[in-house]
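Student: sequence unknown, structure follows:
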């Protein structure tokens, strides 16, 4: 898994024109993740509405924006299965492996309709506007989950552990036991 600090270093410098059309993908298990500018390139440029209309699901790729923990500010990302690169980035010039957990893909950026030239300022403004439009997702802290579980367990009738301890497993049928386990699973999922 890529460290966010490494991702931010890769994504930070986009001032040179040859870097504008580079998408950096980081492998996370069976998924690729693209952050910041790379996420914008996928969500807006390569997997645009015209391309989506040729796919079966036709939905835009979901972008997530979260608060950074190391400094003030936010970051955004998109993710998709490793096998789906051609779906999300159908037209690409170059596919370059950077180790076994990272690739860089070069795409052609479309020229503006008004006949003007592309510029870093113009592209960066479009990226920032897109990023600001993504709803902020709050992280659920591990401590909040632990407190929620502890609170549920201290309730007289809702404590999962007390239910397990009180359940007469050997006196019930197999179907009763399966139903009991299913109800415990639902309660645990509701807490987490």
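Tutor: Received, thanks. As the structure is a computational prediction, the values presented were derived from the model and not from experiment. Residues are numbered from 1 along each chain as shown.
Student: Enumerate every residue touching residue 13.
Tutor: residue 19 (C-beta atoms under 8 Å, 6 or more residues apart in numbering). Using the backbone N, CA and C atoms, a C-beta is placed for each residue, glycine as well.
Student: what's the spacing between it and residue 48?
Tutor: 25 Å (C-beta to C-beta, to the nearest Å).
Student: ditto for residue 126
Tutor: Residue 126 is 13 Å from residue 48, by C-beta to C-beta.
Student: now swap in residue 35 and tell me
Tutor: 19 Å.
Student: Name the residue in those two with the higher neighbour count.
Tutor: Each of residue 35 and residue 48 has its neighbours counted (other C-beta atoms under 10 Å); residue 35 has more, 21 against 13.
Student: shouldn't that one be in contact with residue 25?
Tutor: No. Using C-beta atoms under 8 Å, residue 35 is not in contact with residue 25; the gap is 9.3 Å.
Student: Regarding residue 110, what is its secondary structure?
Tutor: Three-state assignment for residue 110 (DSSP: H, G, I helix; E, B strand; the rest coil): coil.
Student: What is the neighbour count of it?
Tutor: Neighbour count of residue 110, defined by other C-beta under 10 Å: 9.
Student: State the pLDDT value of it.
Tutor: Residue 110 carries a pLDDT value of 76.
Student: next structured bit after the worst-scoring helix or strand of the chain on mean pLDDT?
Tutor: Among the helices and strands of the chain, helix 142-154 carries the lowest confidence by mean pLDDT, DSSP states H and E, at a mean of 52. With elements assigned by DSSP states H and E, the helix or strand that comes after helix 142-154 is helix 160-166.
Student: tell me what the following helix or strand past that next one is packed against?
Tutor: Next helix or strand after helix 160-166 toward the C-terminus (DSSP H and E): helix 174-191. Packed against helix 174-191 by the contact rule (3 or more C-beta pairs under 8 Å, 6 or more residues apart in numbering; DSSP states H and E) you find helix 142-154, helix 160-166.
Student: Give me the distance between the residue of the chain most remote from its centre and residue 177.
Tutor: The outermost residue of the chain, judged against the average C-alpha position, is residue 171 (46.2 Å), by C-alpha atoms, centre = their mean. In this structure, residue 171 and residue 177 are 10 Å apart, going by C-beta to C-beta.
Student: before we move on, what about residue 58?
Tutor: 44 Å.
Student: Show me which of these two is the more surrounded one.
Tutor: residue 177 (14 against 10).
Student: For the more buried one, which non-adjacent residue is closest in space?
Tutor: Closest residue to residue 177 apart from its sequence neighbours, by C-beta to C-beta, 6 or more residues apart in numbering: residue 169 at 6.2 Å.
Student: Which pLDDT value belongs to the one you found?
Tutor: pLDDT, residue 169: 80.
Student: That one touches residue 176, doesn't it?
Tutor: No. Using C-beta under 8 Å, residue 169 is not in contact with residue 176, being 9.1 Å away.
Student: which of the two has more neighbours?
Tutor: residue 176 (13 against 9).
Student: is it fair to say residue 80 lies in a strand?
Tutor: Yes. Assessed with three-state DSSP, residue 80 lies in a strand.
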